[in-house]
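> sharing a model prediction with you, sequence too.
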Amino acid sequence: ADAIAGVVNIILRTGYDGIEVSAGYGDSQHGGGREKMADIVMGKDRGRGSIMFSLSWYDVENQGYWERDWSDDLDFSSVGGPNYRDTRSSPPTFLRYDNFMWEADPECGADPKSSSVGPSHWGAEWGTACRYNWAQYQDLYPGFQRLGASLSGRYEFGANLSLFGDAFYNEIDGTVHQAPVPVYPEPEFLGYFGNPYVPAQNPGNPFGTDGEIRSRLLDLGNRSNEQSSESYRVLLGLEGLWGDWDWRLSGLASGGKTSLTSRNQVILERYQSALLGLGGPGGDPWYNPCGAGPHNDPDLIDWLRADTQWRAESGEYSLDLRFSRWFGNLPGGPAGVAVGAQYREQNREQWADELSLSG
């Protein structure tokens, strides 16, 4: 049961004897989100001893915004709603320094499904903007694969002593795709309002005047976030009776690893340099952000690209001793007492690459 706060309660089967296999497949007539699953549960129960093993696999593919007619376009103005197409677009929107008006790139709207001309983000009195339909490039639902396994067992040495244990392992790998990276105002940029500055000399500048742009780098490709995580938990213990006392001694080891790789981000300082014709490998190529489908030198694109990595690892280890007993009755019911002691260690390590740490 998943509680609102995110708690998950796990109740294991006990005393299972047999084998159970299941598999499933799901698809949609509209495409995307196809899922596959398989499970197996095996157990033996021989009275004094029992053991159970389970293995579960689940795979679901990405589903894109563009794969549903109710989500493939973010402009709802035709039905009286808002226009959520983004003014950080490709083709870009210029702030012309000759008249300080915003103006959409002349090729905006060449593909109406991807871009369209609308009022500027400051309002129609400040000019026009190219609005980008990022739904054509982004996942509505991420794809992932999950593998889980569990092993539990119990053995009674006698009436007053039992050995028990369980182990869990879970692994999830998933990828979510996002539209090509939008560029927000940053201190690295030279525009009056913190946007990337484009001089009149940039060969792609269609207006022949200095200015700044609201843009995104379509030729870097879609961004993707690839996340992987694995976790484990192992518990082993003894329990029994000592006179009138129930006692339990157990040891626990658990931990996990998580990693995240973000692809097709942009290094902002290099982007500004390339717009000035001052960056890039093997010379000083200009980056052209304009047009319905910018085509720049692949080596320059790789020079602008940033793939970042982050990972973390955590662990917990504990030893637990507990005694409990009933000693009488009160008007509300039986009365008991429990005493115990626990030793616990927790640790966590985190790492990020130099590019992430530099900001």
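That came in fine, so what should we check first? Residues are numbered from 1 along each chain as shown.

> tell me which element R344 is part of?
strand 333-352 (DSSP states H and E).

> pull the residues that contact stretch 148-163.
12, 14, 48-57, 164-171, 237-242 (CB atoms under 8 Å, 6 or more residues apart in numbering). (Glycine included, C-beta is placed from N, CA and C.)

> cool, and stretch 311-330?
Residues outside stretch 311-330 that contact it (CB under 8 Å, 6+ apart) are 237, 242, 244-260, 334-351.

> buried subset of the residues you listed, written for PyMOL?
To isolate the buried ones among the contacts of stretch 311-330 in PyMOL, judged by 16 or more other CB atoms under 10 Å, type:
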select buried, resi 237+246+247+248+250+252+254+255+256+257+258+259+260
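
> on that earlier part again, by contact count, what packs against the strand holding R344?
Other elements packing on strand 333-352 under the criterion 3 or more CB pairs under 8 Å, 6 or more residues apart in numbering; DSSP states H and E are strand 305-330.

> in the strand it packs on, what counts as buried?
Across strand 305-330, burial judged by 16+ other CB under 10 Å covers R305, A306, T308, W310, R311, D320, R322.

> repeat for stretch 75-86
For stretch 75-86, burial by neighbour count (16+ other CB under 10 Å) applies to D75, N83, R85, D86.

> convert it to CSV, retaining C-alpha atoms only.
Taking Å, rounded to 0.1, in the frame of the first residue of the first chain, the C-alpha atoms of stretch 75-86 are listed here in CSV:
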residue,chain,number,x,y,z
ASP,A,75,-0.9,26.1,-28.0
PHE,A,76,-4.5,25.9,-26.8
SER,A,77,-5.5,29.4,-28.0
SER,A,78,-7.7,27.9,-30.7
VAL,A,79,-10.1,26.6,-27.9
GLY,A,80,-9.8,29.7,-25.7
GLY,A,81,-6.9,28.5,-23.6
PRO,A,82,-3.3,29.7,-23.1
ASN,A,83,-0.4,29.3,-25.4
TYR,A,84,2.4,27.3,-23.6
ARG,A,85,4.7,27.3,-26.6
ASP,A,86,8.1,28.6,-25.4
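
> for F76, give its distance to D86.
Distance, F76 to D86, by CB to CB, to the nearest Å: 14 Å.
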